[in-house]
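Undergrad: need the 3D shape of this:
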Amino acid sequence: MKNQSGFSLAEMVVAIALMGILGMVISSFLVFAEKSKNEITNEIEDKVDNILAERMILRDLKSSEPSFNNVIIRDDNGRRFFDYVTDRAEQGVDLSSRTLTLQAGVRNEFTFLTTNTRLGGTIMYTPSMAYNVGNPPMDPYQEAELTFHSLNKGGEISKVNPKYWQPGVLLMLDSPALVREMTPTGLNYNRPARSPIFVGAVTGAGETRLRALNLPNFLDMTHPLYPSETVTNEDKFLRDVPPMGGAAPLVRLKAVTIVKYYLEKDVTNKYNLKRAVHDGSQFAMGQLFAQDIQKVVFTRKDPYDAVIYFNIVRKKD
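TA: Predicted coordinates:
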């Protein structure tokens, strides 16, 4: 005779219970694996974002030479962040380290000037190219009349570098000749020697004039030899540029970019680091750099050191 009996009720209950336990274990393992995968993915993405942000900031800061002694930015202790001294024998300038911190409720933005290397290198500019020279007077002791026309008179800049003379491009005039700031009592040794500067935006093709920036309290465009006078246009700069060693003045023309790093709160009340570029009229929409930021610290060891260090501090969960 064959045994026709199947599983007993008790055996079926035990089997179902074991299958349930096994299913719970597998389900827990899959949930844990998915969670671990998401955490690793998020960590990798955060590190990639950090690397990209740090590379972009590093590139900007490496090109920030035009900011030194020209940008009026105070650090956390009220010192001029971009004071830069080239001579170790310098006396009078505060030689303390500089620290500038972006932190919600304290300071939200850091704006500076960088060289726009993407458009090409510096042009050595001859001031006479920008002027119409009148007929020589009969009196040999009287100068001929000079009338300013344009930096691009005769298309000179367009010939040297056509990328420079495009609408919206920011151009900076300065000189290798660094001079002391004059005061009613003499030279001001509490400020590093500097060149006069002018920064303006190209308004159009051809023989046009530059448009002065509308950024109050950003650039120091006072003339160091005449502190009561401001260099308001390219004509004023060229007429008063200091000579070098008693010879003809040397003028440099370079393309620059104004960059702003700032903290902005999102809908989740987290502060994110963004970067915006000035287009000659206003700052464009910011680009997200890093999320959930506690603070960003920019430092310089002392005014002799042109290197700017930075540290992005994220909030910890």
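Undergrad: what's the helix or strand for R88?
TA: Counting by DSSP states H and E, there is no helix or strand that carries R88.
Undergrad: from F68, how far out is it?
TA: 16 Å (C-beta to C-beta, to the nearest Å). Using the backbone N, CA and C atoms, a C-beta is placed for each residue, glycine as well.
Undergrad: who has more neighbours out of those two?
TA: Remark: of R88 and F68, F68 carries more neighbours, 22 against 6, as counted by other C-beta atoms under 10 Å.
Undergrad: how much space between that one and S195?
TA: 11 Å.
Undergrad: what are the boundaries of the strands in the stretch 151-300 of the chain?
TA: 170-174, 181-183, 186-188, 198-202, 210-212, 222-223, 226-230, 251-265, 271-277, 287-290, 293-300 (DSSP state E, counting those that start in this stretch).
Undergrad: now do the longest one: distance to the chain's middle.
TA: Its chain's average C-alpha position is 4 Å from that of strand 251-265, according to C-alpha atoms, centre = their mean, to the nearest Å.
Undergrad: which elements pack onto that strand?
TA: When contacts are defined as 3 or more C-beta pairs under 8 Å, 6 or more residues apart in numbering; DSSP states H and E, strand 251-265 sits against strand 98-103, strand 109-115, strand 123-125, strand 170-174, strand 271-277, strand 293-300.
Undergrad: low-confidence ranges in the stretch 101-250 of the chain?
TA: By pLDDT under 70, the low-scoring segments of the stretch 101-250 of the chain are 245-247.
Undergrad: in stretch 125-140, which residues are buried?
TA: By 16 or more other C-beta atoms under 10 Å, the buried positions in stretch 125-140 come out as Y125, P127, M129, A130, Y131.
Undergrad: ok, those residues vs E207, which is closest?
TA: E207 lies nearest to A130 out of the buried residues of stretch 125-140, by C-beta to C-beta, at 9.6 Å.
Undergrad: can you report phi and psi for that closest one?
TA: When quoted as degrees, to the nearest 10, the phi and psi of A130 stand at phi -90, psi 0.
Undergrad: make residue 1 into 42 and carry on from there
TA: Okay, residue one is now 42; in that scheme the one you just asked about reads as A171.
Undergrad: distance of it from I57?
TA: Per C-beta to C-beta, A171 is found 93 Å from I57.
Undergrad: ok, L251 next?
TA: Counting by C-beta to C-beta, the separation of L251 from I57 is 84 Å.
Undergrad: is it true that A253 touches F259?
TA: No. Applying C-beta atoms under 8 Å, one finds A253 not in contact with F259, separated by 11.7 Å.
Undergrad: now G61: which helix or strand?
TA: According to DSSP H and E, G61 maps onto helix 50-103.
Undergrad: picking up where we left off before, neighbour count for L251 and I57, which is higher?
TA: Between L251 and I57, counted using other C-beta under 10 Å, the more crowded position is L251 (24 against 10).
Undergrad: so who does the more buried one touch?
TA: By C-beta atoms under 8 Å, 6 or more residues apart in numbering, the contact list for L251 reads L192, L212, F239, G241, A242, V243, T244, N274, E275.
Undergrad: what's the answer for V210, then?
TA: Going by C-beta under 8 Å, 6+ apart, V210 touches N157, L160, K204, A242, V243, A296, G321.
Undergrad: how many neighbours does the first one have?
TA: Around N157 there are 21 other residues, counting by other C-beta under 10 Å.
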